[in-house]
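> Structural data only, the sequence is not supplied:
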């Protein structure tokens, strides 16, 4: 048995005060006791989502809420734009096509963000676009997109802006209402510090109005039903009770600190991570780095998959490697949810050890010194 | 704080050895460690489902797996039969209609089962029926259906038999492979002694073959993807890790006893429940009573909703009342999962107290004596 030490961009570690709550005696979901919990959780979610609109809770992984956004707000052959600069942008594509939408794909080089102008041009050239699907933090490239700028453009057109914030929410700044974002999707196992199994979806008034026009098939993810239940602090189908109980604990912690304070903390942790990597001669992959996860290019002679494997097998530390075209080229270190400054120190210490063993050249301790300078400076 | 005492037909109580496992440190799902757990869980599920075919695990409530059965095995305008004798038969109707299937509804009086002859006649009169949707235990009426007989009929025709065994599995006898049932759907929060949040679906070879012909939209519940991941002890989307860890514990307990032994135990508990009710002058509602839950008619002068409310508020005991046309007419007491013989004793003791307080006439202790006779005799 090794100490398990999780710094992957989901699942991320679950703190003991949440884990303890998961094992409490189960309660029936159609009781005042559970309704009170749902009521608290609904309020807490609104604060994290920065919205006054409903945030619905679904028993599914994040992809379930992504599907719900597609199948409830659009109809067959509706024209939509997807912003695809990685695995999760690609997922929007796949879901939209599975539901027979007409997809205009804005393909980005991995690690780059979309400019406001490109989106404005695409909306101008494609009249009648009903929705724009994007990502807050594209986990596969550790890139944060400029959702605020996208919202400025979509607001001027008649398109809904739908943001996958599964990995970004809680770390990367997202002011849903004040920026004018219509739909935000998230999941329990990242910034929310819970095990996977819950997903969330917020709906602006405009998004709520779109539901009645949709002709796509849905049942389990029917958001109209979910909205009606929401008003009564209920759910249309049996909720994942133990995870909702854990969510209450996690939200109380998040909101006691305040979302603004958390954003600042993770911005600093992300900066420290980038600086630490540079201090040992490594480059940052993304041109628009996220506050939730950092992608670091490894020296050409070393395969990143090997680093990931050694860290996990020999030291119990899980970080992520690269996917698809970035396989073996990057490592990804998460700073989200319950991951702390001290975890970064441990992580870089082990990373230095493994890189040295694999023949990389740098002065031992250089990344730790830089981490401390940024974190404590 | 009152002792919480759950005898509802889902969620049912979660034993402490499972609850303890839910709070363990979270592990990453793309690791050998988690793959080994999935491998064990896949084997354990096959034993409970009495099948050699794959049993897929979805992160959703049971309704998600019901939807998956509809959206993956059929196409627009396919003719299907639904057996509707309660709320869950009705749910098959609703899902099938949401996905534009042509539904032939076999409506049953609540509390009755479907005869083999009626199903055979319906299949003969409606040529080209592709699927028959039924329930093992119709929870709303506490009725068990003769799935074995239905399978004999569907096997002779070219229809898939799909069984909602969400509440029945583990208590009501179901020999999936030897009876020739194509698809069995279940959920985590009843016979499996877990919190809600996982659903299961088994697929016969014939059902697997049907997937490639389906033209309905699906993404999160795409069973083709799920089958491919299953072979590698993986899942297409992030699994509900903590619940899967708990499932391993629950399955080990269930399979150490053996499913046959559990069926016999719950048959006896169900019989004891019926006899106990009769001993205090109450009638059993269903003509084909389930081994998972018993529906008991209350005296005409008393509303069953009142009994349910008093038991919950004053004694911390949760049982269920009636729904729709049976509202205020029946109470439903579950004997499933972790509910024990001693829970039945406690339950009837409190029921006697409340019934006496509400003016019912019977000799105190009569139901307990009868329970003991059946359980210990």
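The structure has been received and is ready for your questions. Only a predicted model underlies this, so the values are computations on that prediction, with no experimental measurement involved.
> Residue A:296: which element?
strand A:293-297 (DSSP states H and E).
> partners of that strand, with directions?
strand A:283-284 (antiparallel), strand A:330-334 (antiparallel) (DSSP bridges).
> Partner strands of the worst-scoring helix or strand of chain A on mean pLDDT, with direction?
Least confident helix or strand of chain A, by mean pLDDT, DSSP states H and E, is strand A:5-6 with a mean of 92. Sheet pairing of strand A:5-6 (DSSP bridges) gives strand A:317-318 (parallel).
> tell me the SS of the residue nearest the centre of chain A?
In chain A, the C-alpha nearest the mean C-alpha coordinate belongs to residue A:167, at 1.5 Å (CA atoms, centre = their mean). Secondary structure state of residue A:167, per DSSP: H, G, I helix; E, B strand; the rest coil, is coil.
> Now do the contacts for it.
Counting by CB atoms under 8 Å, 6 or more residues apart in numbering or on different chains, residue A:167 touches A:9, A:10, A:88, A:136, A:137, A:139, A:190, A:191, A:292, A:293, A:336. The way it works is simple: take the backbone N, C-alpha and C, and place the C-beta from them, glycine included.
> any idea how far chain B is from the residue lying closest to it once chain neighbours are set aside?
Spatial nearest neighbour of residue A:167, excluding adjacent residues (CB to CB, 6 or more residues apart in numbering or on different chains): residue A:139 at 4.4 Å. Here residue A:139 is placed at a distance of 11 Å from chain B (CB to the nearest CB, to the nearest Å).
> my guess is residue A:139 meets residue A:88, correct?
Yes: the pair residue A:139 and residue A:88 passes the contact test of CB atoms under 8 Å, sitting 5.9 Å apart.
> Settle it for me: which of those two has more neighbours?
residue A:139 (28 against 25; other CB atoms under 10 Å in any protein chain shown).
> now the strands for chain A?
A:5-6, A:55-58, A:79-84, A:102-107, A:131-135, A:137-138, A:143-144, A:160-164, A:183-187, A:199-203, A:283-284, A:293-297, A:317-318, A:330-334 (DSSP state E).
> Report pLDDT for whatever residue of the stretch 51-200 of chain A ends up closest to chain B.
Chain B sits closest to residue A:197 of the stretch 51-200 of chain A, with a gap of 3.4 Å, by CB to the nearest CB. We have a pLDDT of 98 for residue A:197.
> wait, it sits on residue A:61?
Yes: contact criterion CB under 8 Å: residue A:197 and residue A:61 qualify, at 7.1 Å.
> Which residues are in contact with the residue in the stretch 201-350 of chain A that chain B sits nearest to?
Per CB to the nearest CB, residue A:240 is where the stretch 201-350 of chain A lies closest to chain B, at 3.4 Å. Residues in contact with residue A:240 (CB under 8 Å, 6+ apart) are A:59, A:197, A:198, B:61, B:195, B:196, B:197, B:240, B:243.
> how near is the residue nearest to the centre of chain A to residue A:52?
Using CB to CB, to the nearest Å, we find residue A:167 at a distance of 24 Å from residue A:52.
> residue ranges of the helices in the stretch 201-350 of chain A, please?
Applying DSSP state H, counting those that start in this stretch to the stretch 201-350 of chain A gives helices spanning A:205-211, A:223-231, A:241-257, A:259-279, A:304-315, A:341-357.
> would you turn those helices into a markdown table with mean pLDDT and mean neighbour count?
Formatted as a markdown table, the helices of the stretch 201-350 of chain A follow (pLDDT from 0 to 100; neighbours: other CB atoms under 10 Å in any protein chain shown):
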| stretch | mean pLDDT | mean neighbour count |
| --- | --- | --- |
| helix A:205-211 | 98 | 17 |
| helix A:223-231 | 98 | 17 |
| helix A:241-257 | 98 | 21 |
| helix A:259-279 | 98 | 19 |
| helix A:304-315 | 96 | 18 |
| helix A:341-357 | 97 | 18 |
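> Residue B:328: which of the ones you listed is closest?
Nearest to residue B:328 among the helices of the stretch 201-350 of chain A is helix A:223-231 (22.7 Å), distances taken as CB to CB.
> What is that closest one packed up against?
Counting contacts by 3 or more CB pairs under 8 Å, 6 or more residues apart in numbering or on different chains; DSSP states H and E, helix A:223-231 packs against strand A:55-58, helix A:62-73, strand A:199-203, helix A:205-211.
> Contacts for the least confident helix or strand of chain A next, please.
Under CB under 8 Å, 6+ apart, the answer for strand A:5-6 is A:12, A:13, A:315, A:316, A:317, A:318, A:343, A:346, B:26, B:27, B:28.
> Those, buried ones only, as a ChimeraX selection?
This is the ChimeraX syntax for the buried subset of the contacts of strand A:5-6, where burial follows 16 or more other CB atoms under 10 Å in any protein chain shown:
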select /A:12,13,315,317,318,343,346 /B:26,27,28
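> what does the stretch 201-350 of chain A have sitting close to chain B?
For the stretch 201-350 of chain A, the contact set with chain B under CB under 8 Å from any CB of the partner chain comprises A:216-222, A:237-243, A:312, A:318.
> and of those residues, the nearest to residue A:81?
For these, the nearest to residue A:81 is residue A:216 (17.9 Å; CB to CB).
> Look up phi and psi at that closest one.
phi -80, psi 150 (degrees, to the nearest 10).
> What number of neighbouring residues does it come out with?
17.
> How about it: what's its closest non-neighbour residue?
residue A:71 (4.6 Å).
> Which residues are in contact with that neighbour?
A:99, A:214, A:216, A:217, A:218, A:221, B:217.
> For ChimeraX, write a command that selects the buried ones of those residues.
The buried subset of the contacts of residue A:71, as determined by 16+ other CB under 10 Å, is captured in ChimeraX by this line:
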select /A:99,214,216,217,218,221 /B:217
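> ok, the contacts of residue A:71 vs residue A:151, which is closest?
Taking the contacts of residue A:71 together and measuring to residue A:151 by CB to CB, the closest member is residue A:214, at 21.9 Å.
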